[in-house]
Structure formats: C-alpha cells, structure tokens
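>>> Got a predicted model here, sequence first, then my questions.
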There are 2 protein chains.
Amino acid sequence: MVPHLTTSLTGPLRELERLILDKRPDIEHWFRNEFIDHQAPFYSSVDLRNSGFKLAPVDLNLFPGGFNNLNPDFMVLCIHAAMSAVQKLCPDTRRFMLVPENHTRNLNYLQNVVVLKRILEAAGLTVRIGSLIPDLKEPLELTSAGGDKLLLEPIQRKGNRVMLDGFDPCAVLVNNDLSSGIPPILSGIEQHVLPPLVAGWSTRRKSHHFHCYDRVAESFAKLIGIDPWFVNPVFSQCGKVNFSEKEGEDCLATNVEFVLNEVKEKYAQHGITEAPFAIVKADAGTYGMGIMTVKSPDDVRNLNRKTRNKMAVIKEGQPVHEVIIQEGVYTFENVDGGVAEPVIYMMDQYVVGGFYRVHTERGIDENLNSPGAAYKPLAFETDCQSPDCDGAPGSPPNRFYTYGVVARLAMLAAALEVEELVARAESLEVKAANA
Amino acid sequence: MVPHLTTSLTGPLRELERLILDKRPDIEHWFRNEFIDHQAPFYSSVDLRNSGFKLAPVDLNLFPGGFNNLNPDFMVLCIHAAMSAVQKLCPDTRRFMLVPENHTRNLNYLQNVVVLKRILEAAGLTVRIGSLIPDLKEPLELTSAGGDKLLLEPIQRKGNRVMLDGFDPCAVLVNNDLSSGIPPILSGIEQHVLPPLVAGWSTRRKSHHFHCYDRVAESFAKLIGIDPWFVNPVFSQCGKVNFSEKEGEDCLATNVEFVLNEVKEKYAQHGITEAPFAIVKADAGTYGMGIMTVKSPDDVRNLNRKTRNKMAVIKEGQPVHEVIIQEGVYTFENVDGGVAEPVIYMMDQYVVGGFYRVHTERGIDENLNSPGAAYKPLAFETDCQSPDCDGAPGSPPNRFYTYGVVARLAMLAAALEVEELVARAESLEVKAANA
C-alpha cells in the first residue's frame, strides 16, 4: 500500500526520526495537553517537505480538498475523528450543510465533496450541499470523477439562519477557502460554522500562521532538544507589493536576501552543502497559484511580464499585495520517478491519512501543487514489530509517524492562529458596537 | 476480509437493521450526548447473539482479552481510540503499568497482552507489565503465541503507589478480571486505575449490568420506535444457590420458568415459532465456565453430579452462589460451517474491531465461549456506496454498523454500571470513615 520510497536518507533526518520515536511518550503527552487547551480545527491538511536534513511544513489548509486521494481502507479513521470533532465542537448537531468550492467542472474536487459527505454521513449526520455559486436558482445535479451524483442546492437566508429547501441545518461545514471574502449570506448566522469564517483567506495570512508556528516549533524543539530550525522554515513578509505595477521590489529583494542569509548560516552551521533557495508566494491563499522559486535577491528584480502576471493574481482573480518569503525546503523524496512531497490530513486532533503529491516535470526546489501533479495514497503501517520499531527509523511506518508529528505541530499552530483570529474579530465587534 | 456470512436473514431483523440505518443521525446524536454525560470505559468487549429476529448483547467484558484476534489492519483505530481514552481519563499520564491475568501458559492470551502493549505504546505511552502472580520475586520472560517476548515484573508497593523496578507509572491498566477479589497490593493506591477496581468480578454482577442495560435499551427503543425486547434479553437472578449441596433448586426452577414464559409470550406476540430456551450462568464472571442451556424448569432439578460440579465453581476456583438466568438468543450466524457469534471490541466510545467466535461442535442454542472455539476477524467496510447504503440492510457493512450500535448500547450500560459501582464504593468509604 505504501508507495515505493526511493528516498535514501542519510545524516540528520535519521537522527531526527530516531529522536522523535524515542521521545514519543513525551511528545504524545505534550500534544494531549496542548489539545486540551486548544481546540484542533475540524479538519486540516499540511504540505510537508522532507529534505533529509530537515522536515518542515510549508503550508496548512483549513479547507482541505483531496479527501478522495486518501486511502479508502482508512475511511473509518476519518469517521471516528469526525465523530470526535462533532462531539467537541457541536454535539447537538444532527444536520450539516456542507459548503464546497464553486468548481463545477473540477470532477476530482467534486469527488472530494462526495467522500467528505460520505464521511460525515457515516459519522451519523444528515448532510446536504449548500452552494455559493452566484445566481444559482435551482438545485444543480453534478456527476463526480467517481460517477457519483451530487446535488448542489442554493443557500437560503432566513433571518439569522441559513437553510436549504426543507432543511434547517444545525451546523455549516465550509470546504471553500473564501478567497473572495466572507459571503454575506453566511455572515452573522446563528448556526455553528466550521471552521470559523475568519479562517478564510480574506482574513487569514500565511505569515500569521507561521508566526504561530514559530512558537509551537520553539516549544517542541525544547521538548525534544533540537534546533527548532530542523522543523521550521525561516520566513519573512512584504506587505505592499504590486507585481503589475512593479511596486515593492526593494522590499521583496531585501527580504529574500534576509531569508537566504539566514538559511546560508544554518546550512553552514549544520554542514549542509546544498544551495539555499526561497519561495515567494501570496500571503493569502494560493491554490498553487502565485508562487515562485528564487535563489538570489536579483531574481525578484526586473521580473518579466509573464512572471509578473503569474504572480499578480491568484484564485478567483484576487490581486496579490502581500507576500510571504519562505525558506525553500528541498524535497528529496521520489515516488515512481517523480519528485514528491507528502500531504498529511487531519480531522480533530487525529492524523487520518495522507498522500504523496508527485510531479514528474518539476524540480526538487519547486512547488508541486500545480497542474500535472499526481497523487499516491499513503497508508498507515502501525504494526510496528521489532526490529523495525527499534532499529530502522527510515522505514515507512516510522517515517509516517514522524510526518504525523510535524503535521500536528502545524495543526496546533493553526489552532492558535484561529483562536487569535476569532478573538480579534470579537474585539472588533465589541469596538463596533461601542462606536 | 469479512468472513463469508452464510446467514440468510429474513423478517424482523432486516427491518431492525433498516430502521437503525434510517435513524443513524438520531442514534449518533443520542450516543454523542450520552457519552458526554457518561464516561465510556477505557475498553470493553461485547458478545452479541443474532437470531435473525433479535440482536442482543449477552455479556460485556470490562477486561477484554482477545485484542490479538482483531484485524491487524485496523490497529490504528485502537491507537486513536486509546489516545482519546487517555486524554479523557488521565491526560497527564506518560507511563502505564499493564496488569494482565496470571495465565503464563496461555500463549494466545499472552499475544493479547503483546498487542495491547503495542497499542498503548503507539498511543505514546511507556508500558511495562506488572504481574499479580503470587510469589513472583524476579522478572519473568515469557514468549507469546506470535513469538514476542514479554517481561512480567513483580509489582512493588511503596506507600500509596505501585511501581516496578525503576518505573513509577502514572496509571495502572487492569487486564485481569479480579475474579478472586481486589488484590491488596492495588487497593487504595493514588495512581489512576483503569477500569476502577470495583469493576472486577468480586464486586461486579452481570444482573446489575443487565439492570442498567434495561434502562439503556428502553431509551434506545423509544428513540427508534421498537419493542426493546428486540435488543434486550429477558433475565432474572437467584441469589442463594449451592450446586454442590443441591441448594436453591426451587429458586432456579421458578426463575427459569419466569424467563421461559416471558420469552414464550414475546415469541407468540411476534410470530416466532422457535422453542424458547434460557442460559443459566454465574452472576460474577465466567470465562466460559459455569454455563448451562435449559429448555424447561425441570432441567435445573435433580442435576447429575457432573453438571453440578461444572456449575459449582468457575475461574480460579471461585464458588458460584449467585446466578443469572438469561433468555437464550439463538445464533443463526454460520461462518465456514461453524456456529458463530460476533464479539465487538470498543475503546473509549469507539468500536475498534471485532471477530466471530466460531464453534463447529456446538449448537445454535449453546454458549460458544468454550474450549475449541476459533476466531475470524471482522473487518470494517465503511465505504458505503450506493446501492448498498440504500438497498441492502443485510450486507456486511450495514450488518456491522448494526452490531456496533447494539454493542455501544451495552457499553453505555457498562458506563452507568461502573458509575454506580464507584458511587456505592465511595459511600461505603464515607460510612466507614464516619463509623
């Protein structure tokens, strides 16, 4: 079930894995208590990069698609985790309205919605699909990649509640990253909304997430006694960029230089001989759009028109003005001859699956979340018998445990991040009420 | 993965399954809230009997062995459920002392301990085995059926704590049903004990469990609109029996008659033409010992010496003075040519697996938990695609969901039962302190 891993890892990562396996009781104890204090998001997915010497999250999605890429043998894990999440977040719920992206022609995305619906139903919920498609007047039946029928219904607003025809849901599960803002029809409703609307990309920022991640990585590194850099990519940000108008280039170049210098120093400190690189991407949502790899500050000066156009707008035509400059983490993972990165899925505080995003036409220093990527499900192999358990940190079951730990670090950061977003929104509401 | 089911169910059970599938949102909503109010046991297993017209629990084990019989592909479910249980019951725990039965020569039981230890370790705990074997002075290394080494260590009592050499556990997980009483070495310790010691067979009674189950079955039946008898076996009890001395025969005969008459009435009411039967068994623990099938009150009068001897003592030579007389539920399940009954395993509030107990030399009205029984793991098949989901309540995935529902009813009854046992013990302690 586990795709053949041609990675041949040597040096520090084996040590990191060994350490993580050895410290498992401390790590799980720490997570257990963190997740008592901080509510894990309903669901999330994390893109990891594994360079052999470093294993780090590079993105966390609070509206994960791709449930259809998980190993179907482990759907029952999703079901139990969904039961746990519902019990913690909205125990009185019986009916869910699932609000997907507006992609009606992306049949794989529709398959994700089918699988998600099936998980929620198996967890004991009645589920119908409420669509944000503008001007949708009538229910729209679509067929997914797997040949399943999906009925998208227009959302109706009645006072402080949203409904579908003859269906009054207790909770709304959003699987739409809200790139173009919080839809007025969902705003201020009295039903539970999961995740909170402020977690959408109109208010969320990657840089905020990675600021929260800094704190989590710091605590974790202290717990197991490592340099936090081994699980944490250096980053910086620029707040006023306009690629179309060539504005903000100096800010970009300065921050690219800062990130590359930091990485250079770490590489020297840990005896790593690869060339540092950085990733420049939109601070708010990407969907694999608006991303570039840079190896020198000059790479962001005098961009050609094509690159500027590529960087200027992302999903749903949203202009990019804020960017994050993140340490590039090489992926030395290779699946069936393609460059690969693991994507780990979580529901509530549990790792429920994952897959490799594989790209045969991309380099080890490039973003793989782009057209042409293929997916290979990751299985759980937990029957950790000796000598595997004691002797071979590089074997798939142990590697997957390590991935699960780093993914949960990012998810914990997202929990802190959402807490802060909600608190900020509430304090703005109070200010508005008092104004 | 699912053993071939030769059951050909017709009539009421299909209706029951249909109803349970249809009412899934209500049922899961109800369980969700019951398990907020009542803490599920750390682990439990339930013996079910499926007669086609009736699906009911006949026993619930709070110290389940047999984890080695579960499908190893789903160990990760046990791991997540164990994580959830630890988080709820003792989040500060890092180290578990696992206290098994004293069976050193039952290699399959030792394999159960190996699997249980592996689950707890994968959930992030450090686990060592503390043994209650009398006069164990030195650690004892044993080899399980699967060839794994297991180190049994003598438990040391230091003040109000139990320890092993160089190991101070935060919690004690008991996998020993305490048939011969609460061991003094564990009594009154300050560490968490799971399940509470009062759940052992020196204080627990089957009849108390089934009194609690009556309430649960009543609420559930009301929720889905059925006669509770469809999921609940009639029972009665006798408190003063001595099989060796032929005492208590009248009480037994009267109660057998009562149970058989109740069942006869229900059979007539629901048009069932089978012959009613009853099971007489020890009210406190059995381990498959001290059980007999009776079809008339005369069957318990003038018992021959062999039967009296069989009924007089159970595990660890404990004499039987209290018995439960329970409606016999036919099993019409048949696996690979043997009579079969499903056993469902739970950790925390989650169904984590199950198996069929199969016996080729027993009848459909006999106890199958006895020497010679074989085991077939039950798989989860939750990929509930149409038309299975809509059309075929008798198909394995749906049957298994139904089993999980009825098993959870018994587990909820056990939660109430343990609550009452703990409250009773506490009130006795208060009385003793005030005396």
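Looks like it arrived, so ask away. Numbers count the residues shown, from 1 in each chain, chains lettered A, B, ... in the order given.

>>> hang on, isn't A:D214 packed against A:N232?
Yes: counting by CB atoms under 8 Å, A:D214 does reach A:N232; the two are 6.7 Å apart. The way it works is simple: take the backbone N, C-alpha and C, and place the C-beta from them, glycine included.

>>> Those two: which has the busier surroundings?
A:N232 (24 against 15; other CB atoms under 10 Å in any protein chain shown).

>>> Spit out the contact partners of the nearest residue to the more buried one once chain neighbours are set aside.
What sits nearest to A:N232 in space, not counting adjacent residues and going by CB to CB, 6 or more residues apart in numbering or on different chains, is A:A217, at 3.9 Å. Residues in contact with A:A217 (CB atoms under 8 Å, 6 or more residues apart in numbering or on different chains) are A:228, A:231-232, A:409.

>>> mind redoing it with 10 Å?
A:56-57, A:210, A:226-233, A:406, A:409-410, A:412-413 (CB atoms under 10 Å, 6 or more residues apart in numbering or on different chains).

>>> Now for the residues you listed: which two are most distant?
Distances among those were taken as CB to CB; the most separated pair is A:D227 and A:L412, at 19.2 Å.

>>> any idea how far the closest residue to chain B within the stretch 151-300 of chain A is from A:M163?
Nearest residue of the stretch 151-300 of chain A to chain B, counting by CB to the nearest CB: A:C170, 9.3 Å away. With distances taken as CB to CB, to the nearest Å, A:C170 is found 11 Å from A:M163.

>>> can you list residues touching both of the two?
Shared contacts of A:C170 and A:M163 (CB under 10 Å, 6+ apart): A:97, A:191.

>>> For chain A, which residues score under the pLDDT cut-off?
Across chain A, the ranges flagged by pLDDT under 70 are A:1-13, A:286-288, A:379-398.

>>> who's more crowded, A:D227 and A:L412?
Ranked by neighbour count (other CB under 10 Å), A:D227 and A:L412 place A:L412 first, with 26 against 13.

>>> Next up, identify which helix or strand that one is on.
Using DSSP states H and E, A:L412 sits within helix A:396-434.

>>> Give the buried residues for that helix.
Buried residues in helix A:396-434, counted by 16 or more other CB atoms under 10 Å in any protein chain shown: A:396-418, A:421.

>>> can you check stretch A:337-348 too?
Buried residues in stretch A:337-348, counted by 16+ other CB under 10 Å: A:338-348.

>>> just stretch A:317-335 next, same as before
A:318, A:320-335.

>>> do the same with stretch A:152-171
Of the residues in stretch A:152-171, those buried (16+ other CB under 10 Å) are A:152-155, A:162-164, A:169-171.

>>> Please apply the same query to stretch A:84-98.
Buried residues in stretch A:84-98, counted by 16+ other CB under 10 Å: A:84-87, A:89-90, A:93-98.

>>> can you check stretch A:235-253 too?
A:235-238, A:241, A:243, A:248-249, A:251-253.

>>> Turn those into TSV, including distance to chain B and secondary structure.
Listed next are those as TSV, based on distance: CB to the nearest CB, whole Å; DSSP: H, G, I helix; E, B strand; the rest coil:
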residue	distance to chain B	secondary structure
A:F235	30	strand
A:S236	35	strand
A:Q237	35	strand
A:C238	40	strand
A:V241	43	coil
A:F243	45	coil
A:G248	46	coil
A:E249	48	helix
A:C251	44	helix
A:L252	43	helix
A:A253	45	helix
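
>>> Dump those residues into TSV; add distance to B:E15 as well.
Converted to TSV, the buried residues of stretch A:235-253 look like this (distance: CB to CB, whole Å):
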residue	distance to B:E15
A:F235	60
A:S236	65
A:Q237	62
A:C238	66
A:V241	65
A:F243	65
A:G248	69
A:E249	72
A:C251	70
A:L252	68
A:A253	73
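
>>> Closest to B:D47 out of the residues you listed?
The nearest member of those to B:D47, counting by CB to CB, is A:F235 at 56.4 Å.

>>> Identify the bridge partners of that closest one.
According to DSSP bridges, the residues that bridge with A:F235 are A:Q326.

>>> Run a quick check on it versus A:H208, I expect a contact.
No: applying CB atoms under 10 Å, one finds A:F235 not in contact with A:H208, separated by 11.1 Å.

>>> Now the common contact residues for those two.
Jointly contacting A:F235 and A:H208 under the rule CB under 10 Å, 6+ apart are A:I324.

>>> Quick one: name the residues of the stretch 51-200 of chain A near chain B.
A:72-81, A:83-84, A:86-88, A:90-96, A:114-115, A:118-119, A:121-127, A:146-149, A:170 (CB under 10 Å from any CB of the partner chain).

>>> one more time with 6 Å, if that's ok
Proximity of the stretch 51-200 of chain A to chain B, by CB under 6 Å from any CB of the partner chain, involves residues A:72, A:75-76, A:80, A:87, A:91, A:94, A:122, A:124-126.

>>> Give the ChimeraX command for selecting the buried subset of the residues you listed.
Only the buried entries of these go into this ChimeraX selection, using 16+ other CB under 10 Å:
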select /A:75,76,80,87,94,122,124,125,126
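
>>> of the residues of the stretch 51-200 of chain A next to chain B, closest to chain B?
Nearest member of those to chain B, counting by CB to the nearest CB, is A:G124, at 2.3 Å.
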